[in-house]
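>>> sequence first, predicted model second:
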Amino acid sequence: MSLVIDQIKKSCQSVFSQKELIDIAKSQPEKFEGVINSFGLLNNIHRAKRCIQAEPRYGSRLVPEKVFIIDNFDFNNNPNGTANNLYITDKKGRLKNNLYEPDTDLKISTRKSKNPNLKVIGFFGGSTIMGDGAQLPEFSIPALVEKILNSEYGIDCVCVNYGVLGWTIQDSFNLLTAEALKEKLDTVIFYSGWNCIRDFIITESLKKTNPFDDKFRIVDGSSNRQIGFNHYLYHRFSPLKNLKLTLTTFINLLASYGLRWIPIQPLQGYLARAIPKYFPVQEDLTEYIIKSIQKNTVTDLSNEAVKHYRHIDKMAKFCSQNNSSSYLSYFQPLLYFGKKKLSPEEKVIFELFNHHSEYYQKFYSIIKDHLSEDEIVDLTGLFDNHSEQLYIDMGHLNKMGNFVVAEKIARDLSQMYRS
């Protein structure tokens, strides 16, 4: 291992508390919007909307020039708050790779003025590419690939992070064709799998059973969030629906701001989880989804989901290459797959969160024989020789997990650029 790689690897062992991340966030030139958590309380939702906006085409998009922290669930309730991740967006809502760095377009133009052969690499994916588990921008997969290519392989490059939490390969394709390919990317990289399996199986089940009758159609390419938007729009002019939503929103809002006056921390945490359950302000299709999935077989749903996944990947490859961009696609590692020797922490994660594994296993059993044929790189066995903790849940990785993935992608890119 070279000295440079060793230094990068050592830096990936760092851990930051929530307080440290907040101090860092406040020092950035972009506006710090605060800490966002997963509770469905209205004050938290309002804070989240200032950073992650609902968008009918993509489900959600990141707001330009924002700094925010997402506080994810930590199964150990770690007092250091290591489940917190800090994000910084540029003027187009893409994620920056480092603290204090200039806007992405300025960074590219400045570097290209010095080296016209600079490689611009676009990364597309969900929350893992976005940086969930990285804590700081410099430990996301795109940022680490950029570091490794520049330092270890001597390939001058800028990696552009288009990742958005919850996105599937369909969402990435929509952004690729509508916006990203206009930006003259030398290489397009898709990193997908986890969100696609869940989202596509749910969508296929809803398409097959049509639980909404003739209220609205579910068409190919619809995401769960788009279906939720359609469901909301259908009821938009229903007096009873709007009255109920107004009442629950008002109660949720009062409770959201009233929680701060409760001095007992455990009670405050319990109420923060209970209030959104009984007074929800967001569309909930869980009842429809459960009934629809129960009416279909795992094999049928997985077969249709795999077909859609492969179709979108082929279209992304075609559009990229037709735009003179090389294309690489990666099927991400998940705790459901592979032969990794689990660390004590990963064993607890697996016991707690190994839900609906039959759908993940069936999807992979169908697609694995097509990955090589479709030139999709299978990363499910990438961690087989690692015994240390790399997963922080069933799919997100810690800094070291990101480093292992980044090393693999950087090696592939190096071979491609030099061939």
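Structure's in. What do you need?
>>> quick check: domain ranges of the chain?
Domain assignment for the chain by automatic domain parsing gives 3-202+298-418, 218-285.
>>> residue 209: which of those domains is closest?
Set against residue 209 and scored by CB to CB, those come closest in domain 218-285, at 9.8 Å. In this view, the C-beta of every residue, glycine as well, is placed from N, C-alpha and C.
>>> where exactly do the strands run in the protein?
31-37, 52-55, 59-62, 66-71, 84-88, 119-124, 157-161, 187-192, 326-331, 376-378 (DSSP state E).
>>> can I get those strands in CSV including mean pLDDT, mean neighbour count and distance to residue 235?
Converted to CSV, the strands of the chain look like this (pLDDT from 0 to 100; neighbours: other CB atoms under 10 Å; distance: least, CB to CB, whole Å):
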stretch, mean pLDDT, mean neighbour count, distance to residue 235
strand 31-37, 93, 17, 27
strand 52-55, 90, 16, 16
strand 59-62, 92, 21, 19
strand 66-71, 96, 21, 30
strand 84-88, 96, 24, 33
strand 119-124, 98, 24, 33
strand 157-161, 98, 25, 36
strand 187-192, 98, 25, 32
strand 326-331, 98, 21, 38
strand 376-378, 98, 19, 39
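>>> which of those strands sits closest to residue 245?
So among the strands of the chain, strand 52-55 is nearest, using CB to CB, at 15.3 Å.
>>> show me the beta-bridge partners of residue 376.
Residues in a beta bridge with residue 376, per DSSP bridges, are residue 329.
>>> and what of residue 121?
With DSSP bridges as the rule, residue 121 is bridged to residue 159, residue 187.
>>> mind listing what it touches?
142, 145-146, 157-160, 185-189, 413 (CB atoms under 8 Å, 6 or more residues apart in numbering).
>>> ok, back up a step: looking at the strands of the chain, spot the one closest to residue 14.
Closest among the strands of the chain, once you apply CB to CB, is strand 84-88, at 13.0 Å.
>>> for the strands of the chain, which one sits closest to residue 136?
strand 84-88 (5.7 Å).
>>> what's the spacing between the closest one and its chain's center?
Offset of strand 84-88 from its chain centre (CA atoms, centre = their mean, to the nearest Å): 13 Å.
>>> re earlier: of all the strands of the chain, which lies closest to residue 207?
Of those, nearest to residue 207 by CB to CB is strand 59-62, at 17.1 Å.
>>> now do the closest one: distance to the chain's middle.
Using CA atoms, centre = their mean, the offset of strand 59-62 from its chain centre is 11 Å.
>>> parallel or antiparallel, which strands does that strand pair with?
By DSSP bridges, strand 59-62 pairs with strand 52-55 (antiparallel).
>>> weakest of the domains of the chain by average pLDDT?
Of all the domains of the chain, mean pLDDT reaches its minimum on domain 218-285 (a mean of 87).
>>> for that one, measure first residue to last.
13 Å (CA to CA, to the nearest Å).
>>> give the contact list for the residue nearest the centre of the chain.
With distances taken as CA atoms, centre = their mean, residue 127 lies nearest the centre of the chain, 1.6 Å away. Residue 127 is in contact with 163, 164, 165, 166, 195, 396, counting by CB under 8 Å, 6+ apart.
>>> on that earlier part again, and of the strands of the chain, who's closest to residue 273?
Taking the strands of the chain one by one with CB to CB, strand 31-37 is closest: 10.5 Å.
>>> from the centre of the protein, point out the most distant residue.
residue 239 (36.1 Å).
>>> what's the burial count for the closest residue to residue 343 other than its chain neighbours?
Computed as CB to CB, 6 or more residues apart in numbering, the closest residue to residue 343 that is not its neighbour in sequence is residue 389, at 4.0 Å. If you count neighbours by other CB atoms under 10 Å, residue 389 ends up with 17.
>>> same check, this time on residue 130
Neighbour tally, residue 130, other CB under 10 Å: 27.
>>> cool, and the one 10 residues further on?
Other residues within reach of residue 140 by the criterion other CB under 10 Å amount to 31.
>>> phi, psi of the closest residue to it other than its chain neighbours?
Spatially, and ignoring its direct neighbours in sequence, residue 140 is nearest to residue 131 (3.8 Å; CB to CB, 6+ apart). Here is the backbone geometry of residue 131 (degrees, to the nearest 10): phi 130, psi 20.
>>> residues contacting residue 131?
Contacts of residue 131 (CB under 8 Å, 6+ apart): 85, 87, 95, 137, 139, 140, 161, 163.
>>> list just the nearest of those to residue 2.
residue 139 (19.0 Å).
>>> residues contacting the nearest residue to the closest one once chain neighbours are set aside?
Closest residue in space to residue 139, ignoring its immediate chain neighbours: residue 399 at 4.5 Å, by CB to CB, 6+ apart. Neighbour list for residue 399: 12, 13, 14, 133, 134, 135, 139 [criterion: CB under 8 Å, 6+ apart].
>>> now render those as CSV, adding distance to residue 261.
Formatted as CSV, the contacts of residue 399 follow (distance: CB to CB, whole Å):
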residue, distance to residue 261
12, 41
13, 40
14, 36
133, 34
134, 35
135, 31
139, 37
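>>> need the max-distance pair from the contacts of residue 121.
146 and 188 (15.3 Å).
>>> how much space between residue 315 and residue 364?
Going from residue 315 to residue 364 by CB to CB, to the nearest Å gives 21 Å.
>>> give me the more crowded residue out of these two.
Set residue 315 next to residue 364 and count neighbours by other CB under 10 Å: residue 364 wins out with 20 against 15.
>>> gap between the more buried one and residue 348?
23 Å.
>>> residue 305: neighbour count?
Neighbour tally, residue 305, other CB under 10 Å: 25.
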